[in-house]
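1. using only what follows, build the 3D model:
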Amino acid sequence: GLAVVEALLAGPLEVAVAGPADDPRTRELHRTALLSTVPAVVATGDGVPLMEGRTPVDGRPAAYVCREFTCRMPVTETTALENELTTR
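-> As a prediction, this is how the structure comes out:
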């Protein structure tokens, strides 16, 4: 549909997942981003430009949905991440 065309024209979203790799909540956010039907580049870990300045929120793993390195407010729940990924 039209949303797919718009997504392709705008380029993929970028998702930065910040949190300890061994935290199940971090893994769940990462998995949610990877399984999304929306084209997205998913980043985790240190040394990745997209991750610069992206930190957990109040000690909870967080996902930042970005486009061209401009990020929206971080989310800490998978349902919120799904909503962010499908909201243009």
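
2. for stretch 56-73, give me every contacting residue.
-> 10-11, 13-20, 23, 25-26, 29, 32-33, 40, 49-50, 54-55, 74-76, 81, 84-85 (Cβ atoms under 8 Å, 6 or more residues apart in numbering). The way it works is simple: take the backbone N, C-alpha and C, and place the C-beta from them, glycine included.

3. of these, grab the buried ones for PyMOL.
-> Command for PyMOL that selects the buried part of the contacts of stretch 56-73, burial taken from 16 or more other Cβ atoms under 10 Å:
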select buried, resi 13+14+15+16+17+18+19+25+26+29+32+33+40+50+54+74+75+76+81+84+85
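
4. return the subset of the contacts of stretch 56-73 lying in helices.
-> Counting by DSSP state H, these place 10, 25-26, 29, 32-33, 81, 84-85 in helices.

5. would you turn those residues into a markdown table with pLDDT and distance to Thr44?
-> As requested, those are exported to a markdown table (pLDDT from 0 to 100; distance: Cβ to Cβ, whole Å):
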| residue | pLDDT | distance to Thr44 |
| --- | --- | --- |
| Ala10 | 68 | 23 |
| Arg25 | 98 | 13 |
| Thr26 | 97 | 8 |
| Leu29 | 98 | 9 |
| Thr32 | 97 | 13 |
| Ala33 | 96 | 9 |
| Leu81 | 97 | 13 |
| Glu84 | 94 | 16 |
| Leu85 | 93 | 16 |
